[in-house]
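1. Using only what follows, build the 3D model:
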Amino acid sequence: MVNQKSRLNRVVLYIVVIVLAAIFAFPALWTFGNSLNDVYATVSLLPSSVHLSNYKLAVTLIPFMDYLWSSIIISGLTVVLTTVSSAVVAYGFARFRAPGKSFFFILIISTMMVPPLVTQIPTYIFFNKIGLTNTYLPWFFWGIGGNAFFIFLYRQFFLTLPKELDESARIDGCSSLGILWRILMPISIPIVVTVAVMSFQSSWGDYLTPYMFLDSTKWNLATALLGSSYTLPNNPTIILKPVIDAAAVLLTIPTIFAFFFGQKYLVEGIVTTGLKG
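-> Next up is the predicted model:
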């Protein structure tokens, strides 16, 4: 009786998982299927014939490579600087003693409850007044400022590591930063990869921030694909929807690779950050 109930629960669980997976996968499959469709055909999941030329049009009808380079700059700055600066801040919270440390940590974490749109306009006004709009410098400053959620992840992981590692390194003459880079970071690869992948995915697909802070010649791909019109050169009234979907597929490919590259570390990183509070 117990075995039958267990099998039934497992079957129900599998059905629920399959249904949810289908729901989440459907938009992606729809976009990919329509990206192979004829430009004059109606939107459909299964194209009547395969047209790979849509991908060529997606790259040639707009300055695709310029937008791609802008995406690489923005995501590169965000990933490298955020990953490093968040680790430094979290190391201080996890290892050093200072008055008000808990208060400031709670203060940083509480910023996660503030919607990004609330600070978006004041931030734009500030950078505009000091002449840094239409440059990539705002992403530099955001990067060195770290990220509250990533600081939390790093801190939780550092707390699981024995302090004897630090003490042994200090006996050998290692400085605090040396302990972080030579001892803690190499054994924190799951968290480093988790932070890097999550940071990359959020910055690569960011639409609003580049739209506000950069002019159209410096947009990233996500902003450009929504802000540009894929139309026939000799008839701008005809929107090439399959070409738009092909561009969306090209935009998604790097994030898919990033996810599968860090999939193992993503799961391990999220799990290990909950071992100690």
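2. From now on I want contacts and neighbour counts done on CA atoms only, so please keep to that.
-> Fine.
3. Give me the residue ranges of the stretch 1-150 of the chain where confidence is low.
-> For the stretch 1-150 of the chain, the stretches flagged by pLDDT under 70 are 1-5, 41-45.
4. show me what contacts Val50?
-> By Cα atoms under 8 Å, 6 or more residues apart in numbering, the residues touching Val50 are 36-38.
5. So which of the residues you listed is the closest to Ala224?
-> Among the contacts of Val50, Leu36 lies closest to Ala224 (Cα to Cα), at 21.0 Å.
6. Surely the closest one and Ile244 touch.
-> No - judged on Cα atoms under 8 Å, Leu36 makes no contact with Ile244 at a distance of 10.8 Å.
7. Report how many residues lie close to Gly262.
-> Neighbours of Gly262 under the rule other Cα atoms under 10 Å: 20.
8. gap between it and Val197?
-> Taking Cα to Cα, to the nearest Å as the measure, Gly262 falls 7 Å from Val197.
9. residues shared between the contacts of these two?
-> Common contact partners of Gly262 and Val197 (Cα under 8 Å, 6+ apart): none.
10. ok now stretch 106-121, how far from the chain's centre?
-> 18 Å (Cα atoms, centre = their mean, to the nearest Å).
11. same question, stretch 115-123
-> Remark: stretch 115-123 is offset 19 Å from the chain centroid, using Cα atoms, centre = their mean.
12. same question, stretch 195-212
-> Using Cα atoms, centre = their mean, the offset of stretch 195-212 from its chain centre is 5 Å.
13. How about residues contacting that stretch?
-> With contacts defined as Cα under 8 Å, 6+ apart, stretch 195-212 is touched by 71-72, 74-76, 78-80, 82-83, 120, 124, 150, 219-223, 255, 258-259, 262.
14. now Glu129: how far from Leu208?
-> Just to correct that, residue 129 is Lys rather than Glu. Distance, Lys129 to Leu208, using Cα to Cα: 19 Å.
15. same check, this time on Leu159
-> Taking Cα to Cα, one finds Leu159 at 36 Å from Leu208.
16. between these two, who's got more neighbours?
-> More crowded of Leu159 and Leu208, by other Cα under 10 Å: Leu159, with 18 against 12.
17. Does the more buried one touch Phe96 like I think?
-> No - using Cα under 8 Å, Leu159 is not in contact with Phe96, being 11.4 Å away.
18. ok, and for the host helix or strand of Gln156, which residues are buried?
-> Gln156 is located in helix 148-160, with elements delineated by DSSP states H and E. Neighbour-count burial for helix 148-160 flags 148-159 (criterion: 16 or more other Cα atoms under 10 Å).
19. Where is the longest helix in this structure?
-> helix 2-35 (DSSP state H).
20. and the angle for the next helix or strand after that helix with helix 2-35?
-> Following helix 2-35 in sequence order, the next helix or strand is helix 53-60 (DSSP H and E). Using axes from the mean of the first three to the mean of the last three Cα atoms, to 10 degrees, one finds that helix 53-60 and helix 2-35 are set 70 degrees apart in direction.
21. Residues in contact with helix 53-60: which ones?
-> Looking at what lies outside helix 53-60 - Cα under 8 Å, 6+ apart - the contacts are 35-36, 39, 64-65, 230, 242-244, 246-247.
22. Same check on stretch 138-146?
-> For stretch 138-146, contacts defined as Cα under 8 Å, 6+ apart pick out 74, 77-86, 89, 127, 132.
23. just those now: which is nearest Leu251?
-> The shortest approach to Leu251 among the contacts of stretch 138-146 belongs to Ile74, at 14.4 Å (Cα to Cα).
24. Need the pLDDT of the nearest residue to Thr31 once chain neighbours are set aside.
-> Residue nearest to Thr31 in three dimensions, not counting chain neighbours: Asp245, with 5.5 Å by Cα to Cα, 6 or more residues apart in numbering. At Asp245, the predicted lDDT confidence score is 86.
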